[in-house]
Structure formats: structure tokens, C-alpha cells
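A.B. asks: sequence plus predicted model, see below.
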Amino acid sequence: MAVGIYDWAVIVDHLERAAGLVGQGREPETDWKWDRLVAAIQHSRANARGCVSHHRAAGIQSAHEAYAAAFRARVHDYIHAGDCYQINLAQRFAAPAVGDPWLAYQALRIINPAPYSAF
């Protein structure tokens, strides 16, 4: 587990389509960083409106064969044996990308607005 205590955060409300910068002001450096943080967020918003500055650099890779083998070897047998009636077997997809990861995340939120996703 990784835990962090942060003096500031960007809060994004996907339902209201709004974002805000919040801070506790407990760390002295937050005060002198604040204007730069606000400027960075405003710059990111301006870029997100105007263009998409990210793209996939190569094809999508998956472990489809391993996924199919796991299903055939174990999951199918568990279901038929009555040990379970539902299994959530996940498959990982990966693709190298270049560009701004925040803008990529925002584009993915439009395609798939999963309620509990995070950046």
C-alpha cells in the first residue's frame, strides 16, 4: 500500500463537468506554488479544449492466449462443478503512448465514463 499526505489536490467532478484546486495551506511551499498550480491547470484546460496532444505509438498488446487458456483450464471447470456461478476474469491490455497523460485520461473519460476511475 502506498499512502501520501498532500497539502493540495485537484478535485474533478465528472457529473458536474467541473474541476477545482483545493489546499490546506499547512505547508509553506504551497503558498508560493499556488499561482503556478492554478496556471498549470488553466493551461491544461486550454489544451484539452483545442487539441488532442497524445496518441498511441504502437499497436495494442493483450494476453489473449493466456486469458483463453485460463478460462479453458480453470474457470470453465469451476462453473461446471458448481463451485461458483460467476467469475470476473480480467484481461490486461497495453499500448505504448506519447503525449500528455492527463489529456489521454480526459479523452478516455469521454469514451468510457466509469464512475470510479481515477488519474
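C.D. replies: Structure's in. What do you need? Numbering: from 1, shown residues only.
A.B. asks: ranges for the strands of this structure?
C.D. replies: Secondary structure of the chain, counting by DSSP state E: strands at 8-13, 18-23, 54-56, 61-62, 93-94, 97-99.
A.B. asks: the ones you listed: lowest mean pLDDT?
C.D. replies: Mean pLDDT across the strands of the chain is lowest at strand 54-56; the value there is a mean of 63.
A.B. asks: now the residue of the chain most remote from its centre: how far from residue 89?
C.D. replies: Using CA atoms, centre = their mean, the residue of the chain lying farthest from its centre is residue 81. It sits 36.9 Å away. Distance of residue 81 to residue 89, computed by CB to CB, to the nearest Å: 16 Å. Placement of C-beta: from N, CA and C, glycine included.
A.B. asks: same check on residue 25?
C.D. replies: 46 Å.
A.B. asks: got it, and residue 105?
C.D. replies: Taken as CB to CB, the span from residue 105 to residue 89 is 25 Å.
A.B. asks: ditto for residue 19
C.D. replies: Taken as CB to CB, the span from residue 19 to residue 89 is 35 Å.
A.B. asks: can you pull out the low-pLDDT segments for this structure?
C.D. replies: Residues of the chain that meet the criterion pLDDT under 70 lie in 44-57.
A.B. asks: what about residue 105 and residue 89, which has more around it?
C.D. replies: Neighbours per residue, other CB atoms under 10 Å: of residue 105 and residue 89, the larger number sits with residue 105, 14 against 9.
A.B. asks: thanks a lot, see you next time.
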